[in-house]
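>>> Have a look at this prediction, sequence included:
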Amino acid sequence: MPRTWRLLSTESVVASPWFSLHRERLETGRGHVLDPFWRIDAPSWVCVVAITPDDQVVLVEQYRRGCDRIARELPAGNLEPGEDPAACAVRELAEETGFRAIGAPEPLGVLYAEPARSSARAHGFRCRVEALPGGDAQEASEDIATVLVPRAALFADPSACGMVHAVHHAFLAKAAD
């Protein structure tokens, strides 16, 4: 049976608002020493499957440096310290797209995007939204376009609809009932 690992030492190498990188020395459950082992602490975040009255899903398009392309994603964003994930989902949806949730968002669960190296957790939600968006309130680092995609097409093949984020695919699968 697997055993937990033991932390022998840790050193903070990078600390930024986006993430912290730690160089660790660890002993595995079987007694092997890993040095260095790199661990990333990053903020946990939310994403929301927002469905319009005419059965379309609200997506955002934005440039993503990691994959060096414009990608379609669910509206998403980082949790503020102490913030309720459901409240964050509603806030991020409105900020990025202008759409307002009707009622409380339904939790879809919590996933770790990269549990081998990162502490960040993703909280997924599903909600219905009003027919028309209000104004958005994007942050200075955001350059986002809102896109509506028919729910049936998106749930049938998210990749064909331009979605590349694996965790967003997972939450779409959880929301497809």
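Great, that's in hand.

>>> So in this protein, which strand runs the longest?
In the chain, taking DSSP state E as the definition, the longest strand is strand 101-112.

>>> quick one: low-confidence parts of the chain?
The model of the chain has pLDDT under 70 over residues 135-140.

>>> now what about the longest strand of the chain, what contacts it?
If you take C-beta atoms under 8 Å, 6 or more residues apart in numbering as the criterion, strand 101-112 is touched by 48-50, 85-86, 89-90, 93-94, 118, 120-130, 167, 170-171, 174-175. (Each C-beta comes from the backbone N, C-alpha and C, glycine too.)

>>> how does this protein divide up, domain by domain?
As given by automatic domain parsing, the domain ranges for the chain are 6-41, 45-175.

>>> ends of the longest one, how far apart?
Pointing back at domain 45-175 there. Domain 45-175 has an end-to-end distance of 18 Å (criterion: C-alpha to C-alpha, to the nearest Å).

>>> and the residue nearest to Asp41 when sequence neighbours are not counted, what is it in contact with?
In space, and not counting its chain neighbours, Asp41 is closest to Ser20: 4.4 Å by C-beta to C-beta, 6 or more residues apart in numbering. By C-beta under 8 Å, 6+ apart, the contact list for Ser20 reads Ser12, Val14, Ile40, Asp41, Ala42.

>>> returning to what we had before: show only the entries of the contacts of strand 101-112 found in strands.
Using DSSP E, the members of the contacts of strand 101-112 that fall in strands are Val48, Val49, Ala50, Arg121, Ala122, His123, Gly124, Phe125, Arg126, Cys127, Arg128, Val129.

>>> Over to the residue lying closest to Ala160 once chain neighbours are set aside. Which of the three states is it?
Counting by C-beta to C-beta, 6+ apart, Ala160 lies nearest to Ala153, which is 7.5 Å off, once chain neighbours are set aside. Under DSSP: H, G, I helix; E, B strand; the rest coil, Ala153 falls in the helix class.

>>> how close does Ala153 sit to Ala145?
18 Å (C-beta to C-beta, to the nearest Å).

>>> Would you agree Ile40 is in contact with Ser118?
Yes. Ile40 lies in contact with Ser118 (C-beta atoms under 8 Å); the separation is 4.4 Å.

>>> Which residues are in contact with each of these two?
In contact with both Ile40 and Ser118: no residue, using C-beta under 8 Å, 6+ apart.

>>> Just confirm Glu96 is within a helix.
Yes. With three-state DSSP as the criterion, Glu96 is located in a helix.

>>> so who does the nearest residue to it once chain neighbours are set aside touch?
Spatial nearest neighbour of Glu96, excluding adjacent residues (C-beta to C-beta, 6+ apart): Pro75 at 4.7 Å. Pro75 is in contact with Cys47, Val48, Ala50, Val58, Leu59, Val60, Glu92, Leu93, Glu96, Thr97, Phe99, counting by C-beta under 8 Å, 6+ apart.
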